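S.K.: quick one: sequence plus predicted model below, questions after.
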Amino acid sequence: MTAEITNTTMNILNQVLNGDVRAAAKLIRGIEDDIPEATAAMGEIYLHSGRAHIVGITGAPGAGKSTLLGCLIGEFRKRSKKVGVVAIDPTSQLSGGALLGDRIRMQKYCTDKDVFIRSLASRGWKGGLSRAAINTVHVMDAMGKDIIFVETIGAGQAEVDISHVADTSLVVLVPGMGDDIQMMKAGIMEVADIFVINKADREGADGLRISLETMLDGSPRQHEISHHSGINDVSPETPPDPGAHRPDEWRPSILLTEAINNKGIRELADEIERHREFLTSSGKLAERRRERAKLELTMAVETTLRSHLQKTDECYLDTLIDDLVQRKTDLNTAALKVIKLPTEL
Amino acid sequence: MFAERVLEQVRKGMKRWLDEVKKSTGNPQTRARFSTVSDLEIKPVYTPDDIKNLDFERDIGFPGSYPFTRGVQATGYRGRVWTYRLFSGFGTASDTNRRWRQLLKDGETGLSTAFDFPTLMGYDSDSPRSRAEVGKCGVAVDTLADMEALTKDIPLDRVSTSMTINPPASVLWAMYLVAAEKQGAGWDKVSGTIQNDMLKEFIAQKTFMCPPEPSIRLISDTIEFGTKHVPRWNTISISGYHIREAGSTAVQELAFTLADGIAYVQDVVDRKKLDVDAFAPRLSFFFNSHIDLFEEIAKFRAARRMWARIMKERFKAKNPRSMWLRFHTQTAGCSLTAQQPFNNVVRTTTEALAAVLGGTQSLHTNSLDEVLALPSEFAVNIALRTQQIVAEETGVINTIDPLAGSYFVEGLTSEIEEKAWEYIERIDKMGGMLAAIERGFPQVEIANAAYKFQKQVDSGERTMIGVNKYRREEETPVELLKVDEKVETEQVERLKETRRIRDNRKVAQALHDLRAACKSDKNVMPYVIEAVKEYATEQEICDVYREVFGEHRDPGFF
Amino acid sequence: MTPERKVRILIAKPGLDGHDRGVKIVARGYRDAGFEVIYTGVHQTPEQIADAAIQESVDLVGLSCLSGAHLHLFSEVARLLKEQGAGDVTIIGGGIIPREDIPRLKEAGIKEVFLPGTTLEEIVNWTKENVSPK
Ligand SMILES: Nc1nc2c(ncn2[C@@H]2O[C@H](COP(=O)(O)OP(=O)(O)OP(=O)(O)O)[C@@H](O)[C@H]2O)c(=O)[nH]1
Ligand SMILES: [Mg+2]
């Protein structure tokens, strides 16, 4: 494999590994646009990725994800971490264009050389995660970013969403919007490692926290909440449930934040780091990464097959189609022929 | 207003008329739909049926009496014509002082200050952020020394001065008060206005510094200080002008401005525990006068009626003066065109007429070259003469509120009022203007209206002469005012000199005291005044604000 | 079936003036014409704009300035982009700009200047003709 590395690929690889933003950004662009050189270089990049802590952040439109990210960037920079952000916004189905509005809330950190923010349009991936998005994470990872945030909308609904790829998944909820219930129905409960109740300055934050608690395990645990929330001083009356402290089990935590007032951010960052430590110490990190590799492999196979199909000689396809129309062959056999696999398995 | 029998007849007559028109002319209309510049649909003809719900006593009445639809002054312009107030400022303080004295000689009756962007944003002329902006769009003021130069030989106890300044309003006002004092003009005598309206900055013009909540606090501090110590000063000019310039409709301009006003009054009442009647008489307003003559007149009339009702019913004001909506007007910059710029004189004249028929207290007429650059002296003069001709030649001031009773104008006044109330109710439901702004509600409403308008212009549905109709290839050259690049270096030198000769220890102490005041709930004004007296720079004071209150960044709502 | 390459555009307001009516209209217009648009908001420094353009690997940077500081600010953005190896990014500008400044702006690397009264369609068409994905 390595023998085939071209000079271009080598150049891009070296630049990216050296943290060259311009080269990395161009590579990401190439991946988005499916440029062959970019795909080739991506192969090498992949081999150099896998170190960063990947944090997914999802929640309803307007929940404050980007504002929160703006705060988190600042907090992790204080902790001397190099930060990457991939922010995905929907492509307009009408025009095919997109207004990518996340960056504006993080623009303050734009000139920090150790922060790399990249906006992506979903381009038909409907709130899910495109291959380009995953590869963008790999590029930032290879560049040496310590922590990479991925902002998307609509977790739990898409086929492949960020929770499948992230080490830590944040779900952002807002009091009084009613979307909390929607999200819970959509299967969010299973994917969240940390629930963030943002806009805690608004009424209903406590109510939402309690209903979340109830949903999590049937009974509110005052102790844990007050310990982590950082804002509301709920006195620790109920003793902690010993079950929550089993070392190999993570009980999703609930934190309150006010992103516009930069409140609750330090605690959130602590919790993100605590989750990462938990993953390492419990061996769950390896598990998650295997899952991710499997998922990516599946996606890669699908992509490879699709592009193989696109490259297949039209005449050859035509004869196969003729055969199908005349029922000389069946779909399964024809498909195996296209991908040049033995037809008898 | 009319007996049911009369209305019955009118309706019948209307139906007959419509039928006849249809029969005799086939298709009488050149367009499918006639609408105002704000896209409000207008009927072919208005009748008593359109004002049937109006009650003369309750809704129209007489000039100078509640609900002030016909004007706040009983004598209208017969008692006193509006103030001719031209917004001006450029270069250094002495450059502007010279222009001001010329304007006063030419018959201007009030001053109005345009500051440059660094001053507007709370940066000194030598800040890296100020590069290439110093003295460009207005006058550069860094310290009291500049304010003294700006007001030199102008009798501040007699001439009223309006200052278009927002985040650093407290600072510039303090400089003005100190300059006046040094001149011998007591605070009981000085009069004028600071714009000091931050809500419309978050909504529309985006000149912001600190987040909304502390911004409001600073405003309430100035209102309280004015109430107690500078009785003739308007400590706020609640502005719709910029909301309209950002592309809003007339209804939005009206609704958002009044909703802003509600927020300010509420804050002063809650935070300062002042009686409304103690401060409300000093609240002033500032509206845009756009090109749609009748829509604007109706807007101004509706504004007065609505504010009177808000103050009386919502805030339980007792003093009629608290219910007065006194306003300054500027003709619409956004209606002017860079193409065939001399046509702008005609637009401005029409807009000035709308403001006057709507009963404005004070008026700025745009110069014909305002879309191209800072106004030249030649263009400013035509703008001033435009107002003078309207006031002194046309006779429109002979009677007060001349369009009252017009089926159309009264009907439109009510329609605009109704639509504005709807907005205000929605904003109330969100928890008030601050909460609405946080959600981006007014911002998005305006952006939508602006986009729609642009699409209408692009498609030719809405005409802008010289832009999408009657275009001409060659352009009429106009002489433009250029601010000399030397202004920046000169101003920076001047600032350095001021810093050199002042007592830096005293400055540090004053800033220290100010910081403490900001952190407490004390009124900041006395501390700002102390700092200004020691020649602390504008940015030094604003940096204290930024440090204590934080910095606001553009959330970029679409 | 290969995904269509999209032109990516950064819209920014350098300097201290906050009049964003025009840029917002242009940003929307671009989106509705099928472009991918990133808007950085008002009060941006040239450094912030150049860095954002690079991180976002855009093909076009659209600048707007109504304060009269365009010569300095636009040229600065162009210089910074060049300095960081992104001289191939097309830059356009708009706002209140005297005609006689246009040659100097072009010299500084601003490819086109749109004056008040320009329609959205003109801007979009110009972009379609002059900018392609890089
Ligand atoms: N009251 C309040 N408002 C907040 C808070 N955090 C964010 N907001 C506001 O919520 C709005 C949306 O914030 P964003 O950060 O853009 O939300 P988002 O989830 O990234 O939105 P999308 O990317 O459009 O899905 C903005 O007006 C923020 O200022 C908070 O803690 N309290
Ligand atoms: Mg976002």
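M.R.: That came in fine, so what should we check first? Ligands and ions are numbered 1, 2, ... in the order given.

S.K.: going forward, measure contacts between C-alpha atoms and count neighbours the same way
M.R.: Noted.

S.K.: give me the element residue 300 is part of.
M.R.: The chain I'm using is chain A. Taking DSSP states H and E as the criterion, residue A:300 maps to helix A:284-311.

S.K.: um, chain B though
M.R.: Counting by DSSP H and E, residue B:300 is found in helix B:293-309.

S.K.: show me which positions of the helix or strand harbouring residue B:120 end up buried.
M.R.: Here residue B:120, judged by DSSP H and E, is contained in helix B:117-121. For helix B:117-121, burial by neighbour count (16 or more other Cα atoms under 10 Å in any protein chain shown) applies to B:117, B:118, B:119, B:120, B:121.

S.K.: what is the nearest of those residues to residue B:431?
M.R.: Taking Cα to Cα as the measure, residue B:431 lies nearest residue B:121 of the buried residues of helix B:117-121, at 28.5 Å.

S.K.: helices and strands around the helix holding residue B:300, which ones?
M.R.: helix B:250-272, helix B:320-323, helix B:343-357, helix B:407-430 (3 or more Cα pairs under 8 Å, 6 or more residues apart in numbering or on different chains; DSSP states H and E).

S.K.: does the longest one come close to ligand 1?
M.R.: No: counting by Cα under 6 Å from any ligand atom, ligand 1 has no neighbours in helix B:407-430; the shortest distance is 11.7 Å.

S.K.: all helices in chain A, in order from the N-terminus.
M.R.: With helices called from DSSP state H, chain A shows them at A:7-17, A:21-32, A:36-47, A:65-78, A:131-143, A:179-185, A:188-191, A:205-217, A:222-229, A:265-282, A:284-311, A:314-325, A:331-338.

S.K.: could you tell me the least trusted of those helices?
M.R.: Ranked by mean pLDDT, the helices of chain A bottom out at helix A:222-229, which scores a mean of 39.

S.K.: next, the residue most central in space within chain B: phi, psi?
M.R.: Most central in chain B under Cα atoms, centre = their mean is residue B:286, positioned 2.9 Å from the mean C-alpha point. Phi and psi for residue B:286, reported as degrees, to the nearest 10, are phi -150, psi 120.

S.K.: OK, contacts around it?
M.R.: Remark: with contacts taken as Cα atoms under 8 Å, 6 or more residues apart in numbering or on different chains, residue B:286 is in contact with B:237, B:238, B:239, B:240, B:241, B:327, B:328, B:329, B:330.

S.K.: now residue C:57
M.R.: A:22, A:25, A:26, A:29, C:8.

S.K.: so it versus chain B, what's the distance?
M.R.: When Cα to the nearest Cα, to the nearest Å is applied, the distance between residue C:57 and chain B equals 21 Å.

S.K.: check what pLDDT that residue gets.
M.R.: Taking residue C:57 on its own, its pLDDT is 97.

S.K.: Three-state assignment for it, please.
M.R.: Following DSSP: H, G, I helix; E, B strand; the rest coil, residue C:57 is assigned to coil.

S.K.: what's the longest helix in chain C?
M.R.: helix C:70-83.

S.K.: what does the following helix or strand past it rub up against?
M.R.: Moving toward the C-terminus from helix C:70-83, the next helix or strand (DSSP H and E) is strand C:90-95. Strand C:90-95 has contacts (Cα under 8 Å, 6+ apart) with C:59-66, C:74, C:78, C:109-116, C:131.

S.K.: can you give me the buried ones in strand C:90-95?
M.R.: Result for strand C:90-95 [16+ other Cα under 10 Å]: buried residues C:90, C:91, C:92, C:93, C:94, C:95.

S.K.: for residue 25, give me its contacts.
M.R.: No chain specified, so I'll use chain A. Here residue A:25 is in contact with C:54, C:55, C:56, C:57 (Cα under 8 Å, 6+ apart).

S.K.: ah, I was thinking of chain C
M.R.: By Cα under 8 Å, 6+ apart, residue C:25 lies in contact with B:447, B:450, B:451, B:454.

S.K.: any of these buried? List them.
M.R.: If you count burial by 16+ other Cα under 10 Å, the buried members of those come out as B:447, B:450, B:451, B:454.

S.K.: so residue B:329: helix, strand or coil?
M.R.: Per three-state DSSP, the local secondary structure of residue B:329 is strand.

S.K.: measure residue B:194 to chain C for me?
M.R.: Relative to chain C, and taking Cα to the nearest Cα, residue B:194 is found at 19 Å.

S.K.: quick one, phi/psi of that residue?
M.R.: Torsion angles, degrees, to the nearest 10, at residue B:194: phi -110, psi 140.

S.K.: residue contacts, the closest residue in space to it that isn't next to it in sequence?
M.R.: Distances taken as Cα to Cα, 6 or more residues apart in numbering or on different chains put residue B:163 closest to residue B:194, at 4.8 Å, once the chain neighbours are dropped. Residue B:163 makes contact with B:112, B:113, B:114, B:192, B:193, B:194, B:195 under the criterion Cα under 8 Å, 6+ apart.

S.K.: what do you get for residue A:260?
M.R.: A:67, A:68, A:199.

S.K.: let me see the confidence value for it.
M.R.: 90.

S.K.: redo the helices of chain A as a markdown table? Include distance to residue B:405.
M.R.: Listed next are the helices of chain A as a markdown table, based on distance: least, Cα to Cα, whole Å:
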| stretch | distance to residue B:405 |
| --- | --- |
| helix A:7-17 | 74 |
| helix A:21-32 | 64 |
| helix A:36-47 | 73 |
| helix A:65-78 | 52 |
| helix A:131-143 | 64 |
| helix A:179-185 | 51 |
| helix A:188-191 | 62 |
| helix A:205-217 | 53 |
| helix A:222-229 | 62 |
| helix A:265-282 | 60 |
| helix A:284-311 | 73 |
| helix A:314-325 | 78 |
| helix A:331-338 | 81 |
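
S.K.: returning to that earlier point: which helices and strands sit right next to the longest helix of chain C?
M.R.: So helix C:70-83, by 3+ Cα pairs under 8 Å, 6+ apart, packs with helix C:46-55, helix C:102-107.

S.K.: show me what the longest one is packed against.
M.R.: Contacting helix C:46-55 under the criterion 3+ Cα pairs under 8 Å, 6+ apart are the following elements: helix A:21-32, strand A:115-121, strand C:8-12, helix C:70-83.

S.K.: after that helix, which helix or strand is next?
M.R.: Taking DSSP H and E, what comes next after helix C:46-55 is strand C:60-65.

S.K.: re earlier: tell me the buried residues in the longest helix of chain C?
M.R.: In helix C:70-83, counting by 16+ other Cα under 10 Å, buried: C:70, C:71, C:72, C:73, C:74, C:75, C:76, C:77, C:78, C:79, C:80, C:81.

S.K.: and stretch A:316-336, by the same measure?
M.R.: A:320, A:321, A:334.

S.K.: what's the closest non-adjacent residue to the first one?
M.R.: Okay, so that is residue A:320. Counting by Cα to Cα, 6+ apart, residue A:320 lies nearest to residue A:334, which is 6.5 Å off, once chain neighbours are set aside.

S.K.: do I have it right that the one you found meets residue A:318?
M.R.: No: the pair residue A:334 / residue A:318 is not scored as a contact, 11.3 Å apart, by Cα atoms under 8 Å.
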